[in-house]
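Colleague: let's see this in three dimensions:
(one chain, ligands or ions: 1)
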Amino acid sequence: MFRPMTDLFKDRAADYDQRPVPQQISEGVTAAMLATVPMGPETRVLDFGAGTGLLCAKIAPHVAHVVAVDISEAMLAKLVEKPELAGKVEVVCQNILERPLGRQVDLVISAMAMHHIEDTGALLRTLHAHLVPGGRLALADLDTEDGTFHPPGVEGVFHTGFDRDAIGALLVDAGFLAPHFTTACTVSRDGRPYSVFLVTAVRA
Ligand SMILES: C[S@@+](CC[C@H](N)C(=O)[O-])C[C@H]1O[C@@H](n2cnc3c(N)ncnc32)[C@H](O)[C@@H]1O
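Modeller: Model prediction:
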């Protein structure tokens with residue numbers, strides 16, 4: 001199993017689920033996904049950057065199975081503590097950009113993980129490779145922000161949100177069809193608003 005040298009979420013995992021902003025984002029993103037993404041009891045899902053499972057815990061009851069992928073053992077340890085996910089969510093601590101899973105799913109979901117990946121195009125190509133033809137991507141992250149969402153100097157944050165047109169173009173370059181954007185939610189941190197987009201696209 002791939003073991004990262006440093007777990008950048010080690011100190012954040014303990015109280016992650018109690019923080020209001022991740023809670024609000026997972027609620028907004030879940031509602032947006034359930035409203036726009038077809039899923040059912042046969043759907044096999046991969047949650048990229050699943051963390052403590054805030055998102056996949058809400059999606060799991062609507063699908064067959066979820067593979068929760070993350071590189072933080074501390075975050076995944078919180079996910080496996082959730083009894084309601086036992087038997088429904090499989091945990092994989094692996095950097096799939098370096099070592100792909102070697103299997104494909106019907107739906108890839110992700111919330112607030114893309115800004116932690118330096119090479120966005122490489123990430124989207126990796127997610128594409130993990131989807132069956134006709135499978136769907138549903139990915140949420142911050143719209144372009146002024147760099148204040150994270151504390152200054154925080155490690156492992158490579159993007160201050162994303163421009164929707166640029167992500168749409170990267171998705172098409174990666175082999176996705178018909179990227180469609182909605183606003184999943186807007187959250188407030190220290191009095192400043194930050195909007196979160198949901199983009200859905202189909203694997204060609
Ligand atoms: C801000 S948290 C979001 C967690 C969860 N998706 C949520 O919405 O609550 C970002 C997560 O992305 C994970 N991550 C960062 N780089 C990753 C990579 N290369 N592969 C998988 N997960 C990664 C982090 O370990 C962390 O758990």
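Colleague: nearest residue to the most centrally placed residue in the chain other than its sequence neighbours?
Modeller: In the chain, the centroid-proximal residue (C-alpha atoms, centre = their mean) is Ser110; its distance is 1.8 Å. Once flanking residues are discounted, Ser110 sits nearest to Phe48: 4.1 Å by C-beta to C-beta, 6 or more residues apart in numbering. Yep, even glycine has a C-beta here, placed from its N, CA and C like the rest.
Colleague: residues contacting the residue nearest to the centre of the chain?
Modeller: Contact analysis of Ser110 by C-beta atoms under 8 Å, 6 or more residues apart in numbering lists Asp47, Phe48, Gly49, Leu127, Ala138, Leu139, Ala140, Asp141.
Colleague: Ile109: neighbouring residues, count only.
Modeller: 29 (other C-beta atoms under 10 Å).
Colleague: and after the longest helix anywhere in the chain, which helix or strand comes next?
Modeller: In the chain, taking DSSP state H as the definition, the longest helix is helix 20-36. Moving toward the C-terminus from helix 20-36, the next helix or strand (DSSP states H and E) is strand 44-48.
Colleague: ok, residues contacting that following strand?
Modeller: Residues contacting strand 44-48 (C-beta under 8 Å, 6+ apart): 39, 53, 55-56, 59-60, 63-69, 96, 101, 105-110, 113, 123, 127, 130, 139.
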